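Visitor: Prediction below, plus the sequence it came from.
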Amino acid sequence: MTWWHDGVIYQIYPRSFADSNGDGIGDLPGITARLDYLAELGVDALWLSPFFPSPDVDFGYDVANYTDVDPQYGTLADFDALIAAAHARGLHIILDMVLNHTSDQHPWFQESRKSKDNPYRDWYLWRAKPNNWQSVFGGGGWQLDPLTGEYYFHMFFKQQPDLNWRNPAVRQAILDVFRFWLDRGVDGFRLDVFNAYFKHADLPDQPTAFGLRGFDRLKHVYDMDQPEMMPLLQELRALLAAYPGDRYVVGETFLSSAEKAARYTGIDRLHAAFNFEFLNAPFEPRRMMRLINHWEHLLGEQDWPNYVLNNHDITRTATRWHTGEKDDKLKMAALLLLTLRGTPFLYYGEEIGMRDLRIRRKSEIQDPVGRVYYPFFVGRDGCRSPMQWNGAINAGFCPPNVHPWLPVHADHVTRSLASQRVEPDSLWHFYQQLLAIRKRCAAITQGIFLPIAPDSRVLLAYVRQSKEQTLLVAINFSSREQGLVLGRELNQAHWRVLISSRRPELAEQENPQLLHGGLLHLRGHEAMLLEKVESD
């Protein structure tokens with residue numbers, strides 16, 4: 001199997017991970033300095049959110065140069081040092097590629113807007129009269145440019161003009177960008193809103209729909225998921241295959257559904273596409289199991305799923321699941337994420353249970369989306385606060401006399417990597433133990449998935465099984481003790497507890513007194529992983 005098939009991918013938001021030069025902004029040398037920690041944790045790859053030169057209208061998701069490093073994050077030499085140091089530790093590097101649009105400061109767009117006959121004019125979407133397309137971030141999707149008297153399309157902010165992927169020159173330029181980073185040793189890419197690259201050639205009006213935002217009041221049949229996307233993905237896969245090693249590409253499926261994500265996944269398409277239905281699921285086992293079973297059914301054995309519970313755009317698990325100060329539910333989430341069939345994506349700080357930063361006033365908001373929709377939506381700053389390395393001022397993210405770009409969460413005094421390292425029963429130790437177990441268990445990385453009690457309102461359970469190994473995952477979503485019905489074959493088996501979130505003393509015990517009356521007894525909010533022991 002390949003590293004991405006068996007491994008765990010850890011997302012880093014570079015602005016918030018580690019500041020090496022004391023300017024309050026995380027950077028590439030800061031990440032390099034923390035690679036030993038990431039290797040110790042036990043992850044296999046790092047997905048880096050954009051660090052390219054950018055005016056930061058959308059904090060890096062408006063790229064002004066695809067083949068350089070923004071000075072606030074370092075230099076190309078710093079990137080080369082990072083990738084060399086990561087590879088020396090067995091860690092892979094995945095870059096976040098924002099290719100649906102550029103910054104309006106990108107030289108391509110600066111040329112495009114100069115005149116109607118400029119060679120770069122057709123690199124973007126220009127019209128003399130706008131259609132009814134809307135922007136995700138509010139208002140119409142077309143911006144009048146006074147210099148030429150025409151409108152350009154922007155699916156997101158007006159400072160993020162959409163590229164015209166139907167232009168062969170654009171396609172070739174972007175493929176050259178991939179080559180640039182592949183030549184520097186990059187192991188893979190995450191494609192931002194990839195299924196919106198192509199728009200219908202005629203740019204017709206969209207059919208109308210019901211919704212709150214203007215964007216939601218349209219059916220998006222002409223501005224995404226166009227048939228030209230498939231040949232492009234085939235070309236990209238062929239490009240990756242031409243490089244040594246197992247180069248990987250995963251896509252952020254915009255306006256995602258499981259069916260849509262599965263359609264873009266395959267041997268001649270993406271290695272994987274995000275299915276955000278699971279991420280958005282409520283804290284309810286029956287709903288989660290239905291989504292897991294549906295994802296499994298859509299992909300089948302030929303394709304490899306992926307699972308994500310967090311990223312830079314969504315409320316952190318602890319805040320979303322209303323966990324208070326306890327970590328019981330977060331240990332449940334960890335066991336679920338790291339034992340399902342597929343590649344798990346882990347967002348920085350989840351391993352210590354970081355909570356969302358509380359935003360009280362509009363003046364505190366950095367995220368431009370939050371400023372647009374306040375008070376109905378305060379933006380994404382909450383899940384992007386600095387990594388909490390220790391309990392000192394600024395949590396070890398930057399020097400104590402420096403003002404970080406976002407405030408450090410106040411709970412860093414009691415919730416940090418340093419505090420959890422010395423607590424044997426901490427969430428961090430639970431993650432580290434689980435990641436180590438995952439590496440040695442073929443049933444997790446290669447085995448089939450067999451659900452148990454799929455309609456339970458309180459329990460989520462399944463078997464992971466390979467030729468050599470059978471594992472049982474049992475998670476109690478209730479705060480009270482519950483019994484899981486195992487059935488004759490599983491009930492008669494001899495079991496060893498590999499890990500328990502509520503009873504760490506059970507680890508490595510064989511046939512503990514948990515099974516009686518045909519039931520596996522679980523404490524409230526307990527997550528347990530057991531291994532079947534073959535009798536002599």
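Guide: It's in.

Visitor: wait, Gly141 sits on Tyr151?
Guide: No - contact between Gly141 and Tyr151 fails when scored by C-beta atoms under 8 Å: they sit 9.1 Å apart. Any C-beta I mention is one placed from the backbone N, CA and C, and that applies to glycine too.

Visitor: May I see the buried residues of stretch 110-124?
Guide: For stretch 110-124, a neighbour-count test (16 or more other C-beta atoms under 10 Å) marks Ser112, Arg113, Tyr120, Arg121, Trp123, Tyr124 as buried.

Visitor: just how off-centre is it within its chain?
Guide: On the basis of C-alpha atoms, centre = their mean, to the nearest Å, stretch 110-124 sits 35 Å off its chain's mean C-alpha point.

Visitor: Straight-line length of that stretch, end to end?
Guide: In stretch 110-124, first residue to last residue: 11 Å (C-alpha to C-alpha, to the nearest Å).

Visitor: just stretch 21-35 next, same as before
Guide: Start-to-end span of stretch 21-35 (C-alpha to C-alpha) is 17 Å.

Visitor: Show the average pLDDT along it.
Guide: The pLDDT scores in stretch 21-35 average 98.

Visitor: For it, list every residue counted as buried.
Guide: Result for stretch 21-35 [16+ other C-beta under 10 Å]: buried residues Gly24, Ile25, Gly26, Asp27, Leu28, Pro29, Gly30, Ile31, Thr32, Arg34, Leu35.

Visitor: One more: stretch 487-498?
Guide: Across stretch 487-498, burial judged by 16+ other C-beta under 10 Å covers Leu490, Ala493, Trp495, Arg496, Val497, Leu498.

Visitor: what residues does that stretch touch?
Guide: Applying C-beta atoms under 8 Å, 6 or more residues apart in numbering, the contact partners of stretch 487-498 are 437, 441, 452, 463, 470-472, 506-512, 514-515, 518, 528-535.

Visitor: Go through the residues you listed and flag which are in strands.
Guide: Ile452, Val463, Thr470, Leu471, Leu472, Leu515, Met528, Leu529, Leu530, Glu531, Lys532, Val533 (DSSP state E).

Visitor: Take these and lay them out in CSV including distance to Leu340.
Guide: Output for the ones in strands among the contacts of stretch 487-498, formatted as CSV (distance: C-beta to C-beta, whole Å):
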residue, distance to Leu340
Ile452, 14
Val463, 12
Thr470, 16
Leu471, 12
Leu472, 14
Leu515, 24
Met528, 15
Leu529, 12
Leu530, 16
Glu531, 17
Lys532, 18
Val533, 23
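
Visitor: Lowest-confidence entry in those?
Guide: Leu515 (76).

Visitor: Nearest residue to that one in space, please, no chain neighbours.
Guide: Nearest residue to Leu515, sequence neighbours excluded (C-beta to C-beta, 6 or more residues apart in numbering): Asn491, at 6.5 Å.

Visitor: One more: Leu191?
Guide: Gly251 (4.5 Å).

Visitor: my guess is that neighbour contacts Ala273, does it?
Guide: Yes - assessed by C-beta under 8 Å, Gly251 is found in contact with Ala273 at 4.4 Å.

Visitor: Give me the pLDDT for the residue nearest the centre of the chain.
Guide: Closest to where the C-alpha atoms of the chain average out (C-alpha atoms, centre = their mean) is Asn311, at 4.4 Å. Looking at Asn311, its pLDDT reads 97.

Visitor: and it, what is it in contact with?
Guide: Asn311 is in contact with Gln11, Leu279, Phe345, Tyr347, Cys383, counting by C-beta under 8 Å, 6+ apart.

Visitor: ok, now with 10 Å
Guide: 11, 13, 47, 49, 190, 252, 274, 276, 279, 345, 347, 380, 383 (C-beta atoms under 10 Å, 6 or more residues apart in numbering).

Visitor: Just the buried subset of these, written out for PyMOL, thanks.
Guide: To isolate the buried members of the contacts of Asn311 in PyMOL, using 16+ other C-beta under 10 Å:
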select buried, resi 11+13+47+49+190+252+274+276+279+345+347+380+383
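
Visitor: Turn the contacts of Asn311 into CSV, including secondary structure, distance to Asp68 and pLDDT.
Guide: Shown next, in CSV, are these (DSSP: H, G, I helix; E, B strand; the rest coil; distance: C-beta to C-beta, whole Å; pLDDT from 0 to 100):
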residue, secondary structure, distance to Asp68, pLDDT
Gln11, strand, 22, 98
Tyr13, coil, 19, 98
Trp47, strand, 20, 98
Ser49, coil, 16, 98
Arg190, strand, 19, 98
Glu252, coil, 23, 97
Phe274, coil, 27, 96
Phe276, coil, 31, 93
Leu279, coil, 32, 90
Phe345, strand, 26, 98
Tyr347, strand, 26, 98
Arg380, coil, 25, 97
Cys383, helix, 27, 98
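
Visitor: Before I go, just wanted to say thanks for your time.
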